[in-house]
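turn this into a model:
(2 chains)
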Amino acid sequence: MSGSTIRTPTAEFMRRFMRQRVALVALAVIMLIVLAALFAPLVAPFEPAAPDYDSILEGPSAVHWLGTDAYGRDVLSRIIWGGRVSLTVGFLSVALGAVFGVMIGLVSGFFGGWLDALLMRLMDVLLAFPGIILAIGVVALLGPGIDNVIYAIAVFSVPVFARLVRGSTLELKQTLYLQAARSIGVKAPMLMFRHILPGAMPGVIVYASLRLGTSILTAASLSFIGLGARPPSAEWGAMLADGRSYLGVADHLTLFPGLAIFALVLAFNLLGDGLRDALDQKLR
Amino acid sequence: MLAYLLKRLGGTIPVLVAVSIFVFGFVHALPGDPARLEAGPEATPADIEAIRVDMGLDGPIWSQYTRWLGHTLQGELGRSTKTRQPVARVIGERFMPTLWLTVISMIWATIAGIAIGVLSGIKRGKWQDKAGMVIAISGVSFPSFWLGLLLIDLFSVRLGWLPTGGYEGWQSFVMPAFTLGIGVAAVMARFTRSAFVEVAQADFVRTARMKGLSDGVVAWKHTLRNAMIPVITLTGLQFGFLLGGAIVVETVFSWPGLGRLLVDSVSFRDYPVIQAEIMLFSIEFVLINLAVDLLYALANPEIRLQ
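Numbering: from 1, shown residues only, chains lettered A, B, ... in the order given. Model prediction:
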């Protein structure tokens, strides 16, 4: 805290965050991609699935800014529409993983004892599977498809959030204000959700941003190896799998969808870093 | 140290048991009747019933589990539904290519990652630091399959220097190992830098500096040694990441390893192979974590004594 001004934690956070120039640029990039995806029907210059056999595998031009694919479909339009898939998978899987992980972490840290031991061993087992292998297991079980990819990726976000929130809960349980609340007879659910959860949220938000990057990358990987969104879909990983056949012939099919994934993942990672610095938390 | 070793080994067993239950449950949850699958299309209901009894599928679930576990421990993993070959042989053929690829990737990524991290730590705030960290955060965010395709485009299609894929000679290792390792190198660099910076602020480093030791001696003998302890842990975790990453990289470079086998098995719904592979990957991961913990205890006596 500098000088004599006293700021609320939120104002202090905003002040620190506004100084993170890289994170602000990252946030702008994310907003741009989110808006483009939201308003895809208005923004995209062409229909993403409409073939045009008169302009097949064309390089970037004034008409098709990022060129066309093997069916003459406009690459820019497909990338804009594909953003919907990647963002949906990312947000839903992280939200799902965070909700379950936060609940498990809160309960585990708050009640302790055998319940804590059991839940944490369970999380250890989930962590014992490298993420993508777990995801492939889930996809093998439920069948390929983008819905199942969401569940698959959510599953391996759960232990990450559970461990984080458990740690914060253990710490916050010792605070004076919590002991005060407990001493006046506040019930356990109220203690957990009103008094502990808000204190654990900053860490959850930082992790969520970093997990979004990882989840989008994993979803694209699964689509690329043919276990996620199927090729006719404009998903970025699936587009890359398509473009692979035209390496050296139509490099723009490989270059641009990959660039889209890279930009979005990088933006989420930089935003996560910036949030972490602004919150001044020792998180890794 | 022996007591710690035994304690740690004991702790691994419940995790392995849980993993095996998970994998067994996975197979059990699959649609389809294994007895019917084993019997083939022309079997009569009586034949199927006989096979069901023979396979122990008529017993209660826990006896099916112990039976399956017994077979698995003896390396009897069944036959691939696609090729009818024993699963153990299918996996055995694919094991070495993946092992070589991950080990080579791990070695270069560790060396490069630590070197970049230390350089950034020493030159904190200077351009070397900034450049190193830009490389690091980009490396974490780079889709490995995209990098692989770009490398193939440049070095194979355009320049013709390296093969596009396959597993022959050292040339075929260059691009896959680079692609697989880059993410690990990036994570190692970031982590080494933060560990280095943290240790550099410790009292004993200041003391060493005050004694008049040279910057090089302080950096290498005092700071780096202590910064390496958390880095060891990370190395182990990254190995698991590499195993996962190998799945994608092997697909890009047509590498005849376990990763591509897994992808193919999922596409063909070759469940005996999927099951064995998930089990194998998990066991490897658990054992690596065990090895890391032991290394960690060797490097840091405090852990042993707790």
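
chain neighbours aside, what residue packs nearest to residue A:191?
Nearest non-adjacent residue to residue A:191, counting by CB to CB, 6 or more residues apart in numbering or on different chains: residue A:181, 6.0 Å away. For the C-beta atoms, the positions are set from N, CA and C on the backbone; glycine is no exception.

distance of that neighbour from chain B?
Residue A:181 sits 33 Å away from chain B, going by CB to the nearest CB, to the nearest Å.

residues of the strand or helix carrying that residue that come out buried?
According to DSSP states H and E, residue A:181 maps onto helix A:176-183. Across helix A:176-183, burial judged by 16 or more other CB atoms under 10 Å in any protein chain shown covers A:178, A:181.

and it, C-alpha only, in PDB?
Provided in PDB are the C-alpha atoms of helix A:176-183 (Å, rounded to 0.1, in the frame of the first residue of the first chain):
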ATOM      1  CA  LEU A 176      -9.400 -14.800  13.400                       C
ATOM      2  CA  TYR A 177     -12.500 -13.800  11.500                       C
ATOM      3  CA  LEU A 178     -13.400 -17.400  10.800                       C
ATOM      4  CA  GLN A 179     -13.000 -18.300  14.500                       C
ATOM      5  CA  ALA A 180     -15.100 -15.400  15.400                       C
ATOM      6  CA  ALA A 181     -17.900 -16.500  13.000                       C
ATOM      7  CA  ARG A 182     -17.700 -20.000  14.300                       C
ATOM      8  CA  SER A 183     -17.900 -18.800  17.900                       C
END
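
who's in contact with that helix?
A:172, A:190-191, A:195-196 (CB atoms under 8 Å, 6 or more residues apart in numbering or on different chains).

OK, contacts around the residue of the stretch 1-150 of chain B found nearest chain A?
Using CB to the nearest CB, the point where the stretch 1-150 of chain B gets nearest to chain A is residue B:146, with a distance of 3.3 Å. When contacts are counted by CB under 8 Å, 6+ apart, residue B:146 touches A:240, A:254, A:258, A:261-262.

what sits against residue B:272?
Residue B:272 makes contact with B:77-81, B:87 under the criterion CB under 8 Å, 6+ apart.

re earlier: need the buried ones from the contacts of helix A:176-183 selected in PyMOL.
The PyMOL command for the buried members of the contacts of helix A:176-183 (criterion: 16+ other CB under 10 Å) is given here:
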select buried, chain A and resi 172+191+195+196
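
dump the contacts of residue B:272 to CSV, plus pLDDT.
Output for the contacts of residue B:272, formatted as CSV (pLDDT from 0 to 100):
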residue, pLDDT
B:77, 78
B:78, 77
B:79, 79
B:80, 80
B:81, 74
B:87, 84
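
which two in the residues you listed are spaced the farthest apart?
B:77 and B:81 (12.3 Å; CB to CB).

who has more neighbours out of these two?
Neighbours were counted for residue B:77 and for residue B:81 using other CB atoms under 10 Å in any protein chain shown; residue B:77 has more, 21 against 18.

wait, isn't the more buried one in contact with residue B:85?
No - using CB atoms under 8 Å, residue B:77 is not in contact with residue B:85; the gap is 10.9 Å.

in contact with residue B:188, which residues?
Here residue B:188 is in contact with B:109-110, B:112-114, B:117, B:231, B:234-235, B:238 (criterion: CB under 8 Å, 6+ apart).

so which of the contacts of residue B:146 reach chain B?
A:240, A:254, A:258, A:261-262 (CB under 8 Å from any CB of the partner chain).

right, and out of these, which lies closest to residue B:53?
Using CB to CB, the ones next to chain B among the contacts of residue B:146 come closest to residue B:53 at residue A:240, 49.3 Å.

what helix or strand does residue A:80 sit in?
helix A:75-111.

packing partners for that helix?
Here helix A:75-111 touches helix A:21-38, helix A:40-43, helix A:113-128, helix A:146-173, helix A:197-224, helix A:236-243, helix A:252-279, going by 3 or more CB pairs under 8 Å, 6 or more residues apart in numbering or on different chains; DSSP states H and E.

tell me which residues of the shortest one are tucked away?
Which is helix A:40-43. residue A:40.

pull the residues that contact it.
A:36, A:48, A:80-81, A:83-84.

among those, show me the least confident.
Looking at the contacts of helix A:40-43 by pLDDT, the weakest one is residue A:48, with 82.

once you drop chain neighbours, what's closest to that residue?
Nearest one to residue A:48, counting by CB to CB, 6+ apart, is residue A:81 at 4.1 Å.

try residue A:19
residue A:278 (8.0 Å).

state the distance from that neighbour to residue B:158.
According to CB to CB, to the nearest Å, residue A:278 and residue B:158 sit 44 Å apart.

so these two - more neighbours on which side?
Counted by other CB under 10 Å, residue A:278 and residue B:158 do not tie: residue A:278 has more neighbours, with 20 against 12.

and the closest residue to chain A within the stretch 201-306 of chain B, how many neighbours?
Nearest to chain A, among the residues of the stretch 201-306 of chain B, is residue B:244, at 3.7 Å (CB to the nearest CB). Using other CB under 10 Å, residue B:244 has 21 neighbouring residues.

and the pLDDT at residue A:275?
88.

that should have said residue A:209, apologies.
At residue A:209, the model reports a pLDDT of 90.

not counting sequence-adjacent ones, nearest residue to it?
residue A:272 (3.6 Å).

do residue A:116 as well
Nearest to residue A:116 is residue A:108, by CB to CB, 6+ apart, at 4.6 Å.

same deal with residue B:292?
residue B:236 (2.9 Å).

could you check which helix or strand contains that neighbour?
helix B:225-252.

and the nearest residue to residue A:27 once chain neighbours are set aside, what does it touch?
If the residues on either side of it in the chain are set aside, residue A:27 comes closest to residue A:271, at 5.6 Å by CB to CB, 6+ apart. Residue A:271 makes contact with A:23, A:26-27, A:30, A:209 under the criterion CB under 8 Å, 6+ apart.

save those residues as TSV, and put in neighbour count too.
Shown next, in TSV, are the contacts of residue A:271 (neighbours: other CB atoms under 10 Å in any protein chain shown):
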residue	neighbour count
A:23	22
A:26	24
A:27	19
A:30	19
A:209	24
